[in-house]
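K.L.:
Compute the structure for the input listed below.
(chains A and B, ligands or ions: 2)
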Amino acid sequence: MDNKVAEGVFFLTGKDFSNAGAASSNLKGVLEGMSVQPDIIRRAAIAAFEAEMNVIIYAVAGMMHYYITPETIRIVVKDMGSGIPDIGLAMTEGYSTAPDYIREMGFGSGMGLPNIKKNTDRLDLDSVVGGGTTLEFIIYLNKDSKGAKNETL
Amino acid sequence: MKLYEIVNSLSLEVKTPSLDLNKEVTGGYVSDLLSDVIGNSKKGNVWITLQTHQNIIAVATLRDMSGIILVNGRNPDVDTLLKAAEQGIPLMVSSLPAFELVGRLYSLGIRCQ
Ligand SMILES: Nc1ncnc2c1ncn2[C@@H]1O[C@H](COP(=O)(O)OP(=O)(O)O)[C@@H](O)[C@H]1O
Ligand SMILES: [Mg+2]
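P.N.:
Ligands and ions are numbered 1, 2, ... in the order given. Now for the predicted structure:
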């Protein structure tokens, strides 16, 4: 990719399904503009979409910041919302507290956080019940993109 | 195989007349769970689903899918049509249930790849 550095922020509003996916689509466009490898873009787009949807579904409002350097894509998603009481449980594939109307839309399969983990190299999830959640993840740009190794930050 | 060939062979109703159907279809994916689709579909796949709401367009855009086919004659929401045209994701409808539609796509040579 070009030897560029970029950063930006998107604002997310809870239950705003009409703009859902806009932040991750925008980020994908930024990465394409920087000629990042397609497989890295795919992983970033998947992780960003899942993080964006979690704010829209479970929080009141939030922000997605991205920081791109020649070595890494770092994304920090911070929200004000219900928070997550048990992070271990939330990370479990298939676990979801999504209400019925969300499940009918095809969300709430409990695969979001596992999808993020699978597609990123580092992941950190911090949450305060009744306060909000901060999710941060990093994708390395210069590593063999297959089989992302997830380490805790 | 090109998307227009699939549209013609399976008599799909095209809901996005302004979009080009001369797109290569690399394979197919069928699921109604959005996390499953975004996580496991491949670039250029055609997506078979019963979901009709606008967020399917974001998923298809993020995965560079070649198009979406709604099953059982389901009608897309108006917002979905607008987003599809805006993002350039061809949207088609089949009167068949998912099982029948996927079987026909398979006979045409479309695989999960
Ligand atoms: N930002 C968030 N705020 C509050 N709860 C969250 C947030 N993100 C995830 N969760 C909780 O973690 C669970 C699992 O999330 P996820 O793996 O994305 O699956 P899903 O969204 O399909 O339920 C959610 O059902 C919800 O209870
Ligand atoms: Mg989720």
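
K.L.:
What ranges does chain B have for its strands?
P.N.:
Along chain B, the segments classed as strands by DSSP state E run B:13-14, B:27-30, B:45-49, B:67-70, B:91-93.

K.L.:
Direction included, what does the last one pair up with?
P.N.:
By that I understand strand B:91-93. Looking at strand B:91-93 with DSSP bridges, its paired strands and their directions are strand B:13-14 (antiparallel), strand B:67-70 (parallel).

K.L.:
Show me what that strand is in contact with.
P.N.:
Where contact means C-beta atoms under 8 Å, 6 or more residues apart in numbering or on different chains, the residues beyond strand B:91-93 that reach it are B:7, B:12-16, B:57, B:67-70, B:73-76, B:80-81, B:84. Any C-beta I mention is one placed from the backbone N, CA and C, and that applies to glycine too.

K.L.:
distance of the closest residue to B:Gly88 other than its chain neighbours from B:Ile68?
P.N.:
Using C-beta to C-beta, 6 or more residues apart in numbering or on different chains and skipping the chain neighbours, the partner closest in space to B:Gly88 is B:Leu19 (6.0 Å). Separation of B:Leu19 from B:Ile68 (C-beta to C-beta, to the nearest Å) stands at 11 Å.

K.L.:
same deal with A:Thr97?
P.N.:
Taking C-beta to C-beta as the measure, A:Thr97 and B:Ile68 are separated by 28 Å.

K.L.:
Have a look at the two and say which one is more surrounded.
P.N.:
In terms of neighbours (other C-beta atoms under 10 Å in any protein chain shown), B:Ile68 is the more surrounded of A:Thr97 and B:Ile68; the figures are 27 against 14.

K.L.:
which ones are touching the nearest residue to that one once chain neighbours are set aside?
P.N.:
Excluding its sequence neighbours, the residue lying closest to B:Ile68 (C-beta to C-beta, 6+ apart) is B:Trp47, at 4.8 Å. Going by C-beta under 8 Å, 6+ apart, B:Trp47 touches B:28-31, B:37, B:41, B:56, B:59-60, B:65, B:67-69.

K.L.:
B:Asn55 now?
P.N.:
B:Asn55 makes contact with A:17, A:20-21, A:105-107, B:34 under the criterion C-beta under 8 Å, 6+ apart.
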